[in-house]
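Asks: Sequence unavailable; structure follows:
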């Protein structure tokens, strides 16, 4: 290139930079988020490009270890709620409208653990609303309990605080990331026993699936007595299973009263 053409092109480039142009259009697309293998910078005095060495690799982050660290640092339920909202490693957060943390009375003797928010829960930011929540309230009322009951309240949460897209089942890695928060949630709420509703909850709390086989059999989860039960959403699809659910509710009532 002739000297005049070179300086003209350079002047045009400087003019575009002054106008705010930050990218060039090439024949092939360029991924601006890919890091080069080696850093290249321009020497200020000579304007020459100088290779300065390999780009340091970004530190690997273990999402589960990070979840454990953040959850254990929370001294209260409010702090745990804030910590959960700040956790950025679960992709479910990107598509959810609201974080669904809890409902009912903290410190209640019974803590109910559901699976994951659905559309109504995602919209309201509370667990167990909509048709499944209405059925749960009726079930609890039948044994003189409830989320706002004067003498026998319950406390309610989910394994996952964010709604999975299209209400799909959570992936194992999503459950693993949220389990430290659930464990800390239980420790801070201090219930005397747990009610584990549904297959996803059984997997997270008991390490087992097969709620039809597990339901009605008291087990231990997080150091507490735990009763697996059918999820109310399942009972809406399979009304015949309400007989087993009633037996489980009577078992829960007997455990509470010592009968």
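Replies: All right, it came through fine. This one's a predicted model, so the numbers in the text were calculated from it and none came from an experiment.
Asks: measure stretch 220-232 end to end?
Replies: 22 Å (CA to CA, to the nearest Å).
Asks: actually stretch 180-200, not the one I wrote
Replies: Stretch 180-200: ends 15 Å apart by CA to CA.
Asks: repeat for stretch 144-159
Replies: End-to-end for stretch 144-159, by CA to CA: 25 Å.
Asks: again with stretch 111-123
Replies: 23 Å.
Asks: Just give me how far that stretch sits from the chain centre.
Replies: With CA atoms, centre = their mean, to the nearest Å as the basis, stretch 111-123 stands 11 Å off its chain's centre.
Asks: and it, which residues are buried?
Replies: 111, 112, 113, 114, 115, 116, 117, 118, 121, 122 (16 or more other CB atoms under 10 Å). C-beta: built from backbone N, CA, C; applies to glycine.
Asks: Make CSV from those residues and add pLDDT to it.
Replies: Output for the buried residues of stretch 111-123, formatted as CSV (pLDDT from 0 to 100):
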residue, pLDDT
111, 98
112, 98
113, 98
114, 97
115, 97
116, 96
117, 96
118, 94
121, 96
122, 96
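Asks: and which of those residues is nearest residue 136?
Replies: residue 112 (7.7 Å; CB to CB).
Asks: quick one: the closest one is in a helix?
Replies: No - Residue 112 is assigned strand when assessed by DSSP: H, G, I helix; E, B strand; the rest coil, not a helix.
Asks: Now do the same contact list for it.
Replies: 104, 128, 136, 154, 155, 156, 157, 194, 195, 197 (CB atoms under 8 Å, 6 or more residues apart in numbering).
Asks: So which of these belong to strands?
Replies: 104, 154, 155, 156, 157, 194, 195, 197 (DSSP state E).
Asks: Quote the end-to-end distance of stretch 160-172.
Replies: Stretch 160-172: ends 11 Å apart by CA to CA.
Asks: what's in contact with that stretch?
Replies: 84, 90, 92-93, 95-97, 99-101, 115-119, 121-122, 159, 174-175, 178, 181, 200.
Asks: pLDDT averaged over it - what is it?
Replies: The average pLDDT for stretch 160-172 rounds to 94.
Asks: Now do that stretch: distance to the chain's middle.
Replies: Using CA atoms, centre = their mean, the offset of stretch 160-172 from its chain centre is 8 Å.
Asks: what do you get for stretch 176-191?
Replies: With CA atoms, centre = their mean, you get 12 Å for stretch 176-191.
Asks: swap in stretch 145-154?
Replies: Relative to its parent chain, stretch 145-154 has a centroid offset of 26 Å by CA atoms, centre = their mean.
Asks: do stretch 180-192 as well
Replies: Centre to centre, stretch against its chain (CA atoms, centre = their mean), the figure for stretch 180-192 is 15 Å.
Asks: how about it: buried residues?
Replies: 180, 181, 182, 183, 184, 185, 186, 188, 189, 191.
Asks: One more: stretch 6-17?
Replies: Result for stretch 6-17 [16+ other CB under 10 Å]: no buried residues.
Asks: all helices in the stretch 151-259 of the chain, in order from the N-terminus.
Replies: 172-189, 199-206, 211-214, 232-237, 242-257 (DSSP state H, counting those that start in this stretch).
Asks: how far is the fourth one from where the chain is centred?
Replies: For helix 232-237, the separation from the chain centroid amounts to 23 Å (computed by CA atoms, centre = their mean).
Asks: Residues touching it, excluding its own?
Replies: 118, 128, 131-133, 135-136, 139, 197-198, 211, 241-242, 245.
Asks: For those residues, which single residue is the most surrounded?
Replies: For those, the largest neighbour count, defined by other CB atoms under 10 Å, is 31 neighbours, found at residue 197.
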